[in-house]
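Undergrad: Sequence first, then the predicted structure, then my questions.
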Amino acid sequence: MNSVDRYRSIYEKEYFENIPENYEELARERVPYFKRRIKKISDLMKSTGIVILDIGAATGEFVNEAIKAGMVAEGIEPSECARRKAREKYGIELAGGDALEIDIGREKYDVVYMNHVLEHIVDPHNLLEKIHLSLKRGGYLIVEIPYQFGTIYERLCKFIEIAEPINFSLYSIHHPFFYSPKSLKHLLGLHSYSDIKISVWKDYFYLKKIEALKYCKHQQHPFLELWLRVLHIYIKEMGNYNFMVAHARK
């Protein structure tokens with residue numbers, strides 16, 4: 001098996017095979033975020049009956065919430081295990097296979113959404129070109145990916161020496177590409193996307209409070225303790241990592 005085939009097999013056969021026991025809790029935690037994202041998409045499009053495709057739909061939470069919000073939502077997911085979970089929980093049939101190989105049509109979608117998917121794609125150029133063709137004129141590609149090059153907050157912490165350097169997590173081995181705002185904007189521009197807007201958000205430690213304390217040198221400082229408590233509340237509400245979000249128009 002060559003390296004590309006092996007890489008794809010991770011998602012088709014292995015990535016969701018060992019769903020953790022607390023999966024239901026983890027899935028529920030994602031739903032409020034997806035609801036907020038869907039509301040932002042509705043506000044962006046300023047229309048009803050939005051036709052949306054979720055590439056890398058996992059176990060179907062985003063697609064399910066989009067349908068509940070009145071959108072015409074479809075999803076692609078390479079893992080049979082994840083597709084089965086979506087079918088069992090929500091009655092949703094996700095398309096199986098590799099997004100690079102599936103026919104997703106031409107001028108079919110108002111929005112194509114990818115949440116933590118692009119960084120896993122071995123051939124981003126072909127996928128972005130394919131998505132561009134599938135979008136209706138004026139449609140949007142919305143991409144969310146990790147920002148793993150060190151945020152302003154992390155660099156500041158390192159400068160004032162209140163934290164140890166944070167290394168890439170193990171999931172990084174599944175990322176054939178890493179993106180910065182500049183490189184992501186350049187990549188989208190190469191494929192004729194316009195009106196590209198990229199925001200970097202969640203500039204905080206992506207470790208929860210108990211993990212952050214493990215890495216902090218000045219654990220007894222009262223201000224730091226208060227700061228970490230605030231971060232913990234925010235992280236619990238919004239997620240665990242630093243993200244880039246790109247909106248690009250056809």
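TA: Done, it's in.

Undergrad: Scan the protein for its longest strand.
TA: For the chain, the longest strand by residue count, based on DSSP state E, is strand 135-146.

Undergrad: Give me the mean pLDDT for that strand.
TA: Averaged across strand 135-146, pLDDT comes to 95.

Undergrad: Can you pull out the residues in contact with it?
TA: Residues outside strand 135-146 that contact it (Cβ atoms under 8 Å, 6 or more residues apart in numbering): 41, 44-45, 51, 107-119, 128, 131-132, 175, 179, 184, 188, 193, 241-250. Where you see a C-beta, it was placed from the backbone N, CA and C, and this is true even at glycine.

Undergrad: 7 Å - rerun?
TA: Residues outside strand 135-146 that contact it (Cβ atoms under 7 Å, 6 or more residues apart in numbering) are 41, 44, 107, 109-116, 118-119, 131, 179, 193, 241-250.

Undergrad: Sheet partners, orientation included, of it?
TA: strand 109-115 (parallel), strand 243-249 (antiparallel) (DSSP bridges).

Undergrad: right, and those strands - which one's nearest Lys68?
TA: Set against Lys68 and scored by Cβ to Cβ, the strands paired with strand 135-146 come closest in strand 109-115, at 15.4 Å.

Undergrad: And Glu74, how close does it get to Lys35?
TA: 19 Å (Cβ to Cβ, to the nearest Å).

Undergrad: Out of these two, name the residue with the larger neighbour count.
TA: Taking other Cβ atoms under 10 Å, Glu74 and Lys35 do not tie; Glu74 has more neighbours (21 against 16).

Undergrad: so who does that one touch?
TA: Going by Cβ under 7 Å, 6+ apart, the list of residues near Glu74 reads Leu53.

Undergrad: Surely it is in a strand?
TA: Yes - per DSSP: H, G, I helix; E, B strand; the rest coil, Glu74 lies within a strand segment.

Undergrad: Thanks again, I'm all set now.
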